[in-house]
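Engineer: Next comes the sequence, and after it the predicted model I'd like to discuss.
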Protein chains: 2
Amino acid sequence: MAKNKLTPQSEDFSAWYNEIVYRADLADLSPVRGSMVIKPYGFALWENIQRKLDDMFKATGHENLYFPLLIPMHFFEREAHHVEGFSPELAVVTHAGGKELEEPLAIRPTSETIIGEMYSKWVQSYRDLPLLYNQWANVLRWEMRTRPFLRTTEFLWQEGHTAHANADEAVAETTQMVNIYTEFAEDFGALPVVTGEKTVGERFAGAQVTYTIEAMMRDTKALQSGTSHYMGTNFAEAFNISFNDENNEQAFAHTTSWGVSTRFIGALIMGHGDDKGLVMPPRLAPTQVVIIPIYRRDDPDTKATIETEVNKLAADLREDGLRVRIDAREGMSPGFKFNEWEQKGVPLRLELGPKDLEQGVVVMSNRLKEGKQQLSLESASAQVSAQLKAFHTDLFERAKTFRDEHSLNVDDYEVFKEKIEGNWLYVNHCGEPECENAIQDDTKSTPRCIPFEGPASDGPCVRCGKKSAYERRVIFAKAY
Amino acid sequence: MAKNKLTPQSEDFSAWYNEIVYRADLADLSPVRGSMVIKPYGFALWENIQRKLDDMFKATGHENLYFPLLIPMHFFEREAHHVEGFSPELAVVTHAGGKELEEPLAIRPTSETIIGEMYSKWVQSYRDLPLLYNQWANVLRWEMRTRPFLRTTEFLWQEGHTAHANADEAVAETTQMVNIYTEFAEDFGALPVVTGEKTVGERFAGAQVTYTIEAMMRDTKALQSGTSHYMGTNFAEAFNISFNDENNEQAFAHTTSWGVSTRFIGALIMGHGDDKGLVMPPRLAPTQVVIIPIYRRDDPDTKATIETEVNKLAADLREDGLRVRIDAREGMSPGFKFNEWEQKGVPLRLELGPKDLEQGVVVMSNRLKEGKQQLSLESASAQVSAQLKAFHTDLFERAKTFRDEHSLNVDDYEVFKEKIEGNWLYVNHCGEPECENAIQDDTKSTPRCIPFEGPASDGPCVRCGKKSAYERRVIFAKAY
């Protein structure tokens, strides 16, 4: 039995995570180091994430396209910060078609370079701008320590890449996209995030500004869940993305990039899960409602009646746009099924047996609450929809309360060192990379972001006492 | 001006193809040999293909998942036919993370091997079967001669991989999927196809049965546009996908795989395009209706009125579920725009100018017809929907008539050699690979399929005179 019990989060959060990923059938280990197989339940979650984000991208004027997987090695050398950031992680194709290649090709770790090369062809005049493009793709970074969804050598993501005529437009785009990520995380993932800017030391390789959404996991660590970068003219200069402006003068484009990856699944697992397993946010859940028919195996008449009613109920719910699954598997007890769907985090479970049918009710269990509730069969569909709506709010509030209970202002470095375990600390900070490194050496924490919102504060740096570089407190936390 | 004219198909079909792919903005050359960039117009077409196929897969009980890009080299050696078929085309990662790998990893040319490895873990009992899974992914085959969409080193596709308890179920799945491809090609792509079985010599590497859909291009060549394979127990034996059957005896699973790729875009281009450019099948067209507002630049009042009306019209059409684009670009004449959208194959074009507005009409042009037609503005939406429906049928019939005019029965090898240029030949055939090779050497044609349907015929082989191996005539044609 020991093997069958999920390790409690409080006992070993990391073990809990690794167990639940496999138990809930989100992913499986693969024979390739650091790569995972995303199983149907995990992939359906990713498809829902994709669908919602993609709608939001398109509603703001972006189009999808597709760039090659393989990138000539010399492309990486054109932008100095970029090569420094990515070359240690590249996977390199040296042979193809039975021959050694003249120039090795890297599997994309991100596509700025090849996109820069193409944009330089596509942009000639200010009339060609802006380019508002996104690609859904797999990328590869040869990480040393990997964990499913959080850090895998291969992962899936979307990478938006835009080019603009001037800095203002590009910065507005960068801001718009991080705001879309915020809205997505909160309104669909039920995951409260702090949206803000990265300090200089934490920026993307080659960016002038990096915006981020940071979510608190149930072990209080931070998880960067989406980023949006303003590149200035760095990549435009490196790849010659230049154009004739309205005054017929040659200018460099201002570019941005922004991405959300399968890592977001890790954020949902660790941001919402509990000792019973996953808790799926209803608006992204592969299955929002599972229906379990209850009958005795030796009573085929009842079985037929219950099946008919269950199918009717499911059809009603589906008509209301809900994602419903009937679990009619044979040879498993209802209790076994209850546990499995609880572990998989399905928000609502409905049971229907002969006694319920007699009373004209269906029994509902809510993944966030103890006990069961009876719903009238007749109006079940409307009630279930309302329950899912409330579930979203409850889940969001639960996560927000948890985060708020583990967030505090700190002005003293000794207190910082004591409180950093188990909290996000809001501190005044000088912004200097050396100081950040010292804090990281002392406490294993890093600056997560300078929040967009919050009270003004510019006191002396919590560690070195130098003047604060920002208008408000910076969040330091341990992070994934 | 010479540079601006599209090469006519009759003059040089291959030049026509290469020109239209870039002119219509479907794709662009990339700096990586044999890889292309799929541009937004081409990618939107692919997204529509994906959406429809994916719906059809899910409606028949399939789920999506995702397997790793990189496959250990020794996996390919486990299935003899497979390694022979694919090893010459592999792209191989030998270095990663700054070090040489202990075992090189191949970029997937197709995923049977890694999926076989995983399925052997997932299948233990007959209760675990069937596995009905599909993945949307990029794959890489190091081809020597590449052409955009038709043959690129990297391409996008879906690969379905299923495992079943017995041959009957697996063959039924193989048949079901090729029938789905048929329905998709005809009902969504407006592309008539011949559905049938490949001869032994033309089977997929490792398959026992390969079904195919074959479409005739406007140069009369055949394009294999989707395939479905029954693997027997070949891969199950190679990867040990075995299970305890209902009698508690160990058995090997029967597997299938089936795929459609970005090659299908090539089929649409060459199956429907004409000397004016692309013709998009309405049910897959990125833009079904383009609206071009007509006004004089020096008349801002009219411009404002027309814009309002055009937006209203577009909103009406969109409400009816149509994909509509307003082309309000400045600094381009209506004529220029007409040409551009004609070249891009948008099925219907609407123009609205002040005179039309006065008369309460909008002017419609149909990509398949000469001349223009007036529609009442009030009922435009309903008429446009009806026109698109008719457009689909007309396009399908045009392609079918063309194919039928270029298909004939042949029983004499001298006639075969004469007629193979410009036709699909239906012939009796012994089915022997040596005979097929001889025919290919003589005529550059190959057996496309043994059609599922057609009159019975088992006369002597058109070339060697031996007994026909099949119940009906085999199609020979030149092919892409």
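Structural biologist: That came in fine, so what should we check first? Numbers count the residues shown, from 1 in each chain, chains lettered A, B, ... in the order given.
Engineer: What helix or strand is the residue most central in space within chain A located in?
Structural biologist: Centroid-nearest residue in chain A: A:F264, 1.7 Å away (criterion: CA atoms, centre = their mean). Assigning secondary structure by DSSP states H and E places A:F264 in helix A:263-272.
Engineer: buried residues in that helix?
Structural biologist: Across helix A:263-272, burial judged by 16 or more other CB atoms under 10 Å in any protein chain shown covers A:R263, A:F264, A:I265, A:G266, A:A267, A:L268, A:I269, A:M270, A:G271, A:H272. Using the backbone N, CA and C atoms, a C-beta is placed for each residue, glycine as well.
Engineer: Alpha carbons only: can I get it in PDB?
Structural biologist: Extracted in PDB, the C-alpha atoms of helix A:263-272 (Å, rounded to 0.1, in the frame of the first residue of the first chain):
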ATOM      1  CA  ARG A 263       6.500  24.800 -18.400                       C
ATOM      2  CA  PHE A 264       3.100  26.500 -17.800                       C
ATOM      3  CA  ILE A 265       1.700  23.000 -17.100                       C
ATOM      4  CA  GLY A 266       4.300  22.700 -14.300                       C
ATOM      5  CA  ALA A 267       2.900  26.000 -13.000                       C
ATOM      6  CA  LEU A 268      -0.600  24.600 -13.000                       C
ATOM      7  CA  ILE A 269       0.500  21.400 -11.300                       C
ATOM      8  CA  MET A 270       2.400  23.100  -8.500                       C
ATOM      9  CA  GLY A 271       0.300  26.200  -8.200                       C
ATOM     10  CA  HIS A 272      -2.900  24.300  -7.600                       C
END
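Engineer: and for it, what are the contacting residues?
Structural biologist: A:13, A:17, A:20-21, A:26, A:42, A:45-46, A:49, A:147-151, A:155, A:185, A:189-191, A:215-219, A:221, A:223-226, A:278-281, A:284, A:345, A:395, A:399, A:480 (CB atoms under 8 Å, 6 or more residues apart in numbering or on different chains).
Engineer: if we can go back for a sec, please tell me how far the residue nearest to the centre of chain A sits from chain B.
Structural biologist: 15 Å (CB to the nearest CB, to the nearest Å).
Engineer: Per-residue pLDDT of that residue, please?
Structural biologist: On pLDDT, A:F264 comes in at 98.
Engineer: Let me know the next secondary structure element after the longest helix seen in chain A.
Structural biologist: For chain A, the helix with the greatest residue count under DSSP state H is helix A:380-405. Following helix A:380-405 in sequence order, the next helix or strand is strand A:407-409 (DSSP H and E).
Engineer: other SSEs contacting that following strand?
Structural biologist: Packing partners of strand A:407-409 (3 or more CB pairs under 8 Å, 6 or more residues apart in numbering or on different chains; DSSP states H and E): strand A:424-427.
Engineer: Name the residues that touch the strand it packs on?
Structural biologist: So strand A:424-427 is contacted by A:216, A:220, A:222, A:403, A:406-411, A:416, A:419, A:445, A:448, A:454, A:461-462, A:473-477 (CB under 8 Å, 6+ apart).
Engineer: Output that strand in CSV with nothing but the alpha carbons.
Structural biologist: This file holds the C-alpha atoms of strand A:424-427, laid out as CSV (Å, rounded to 0.1, in the frame of the first residue of the first chain):
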residue,chain,number,x,y,z
TRP,A,424,8.4,36.0,-1.3
LEU,A,425,10.2,39.0,0.1
TYR,A,426,9.5,42.5,-1.2
VAL,A,427,12.7,44.5,-0.7
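Engineer: Thanks again, I'm all set now.
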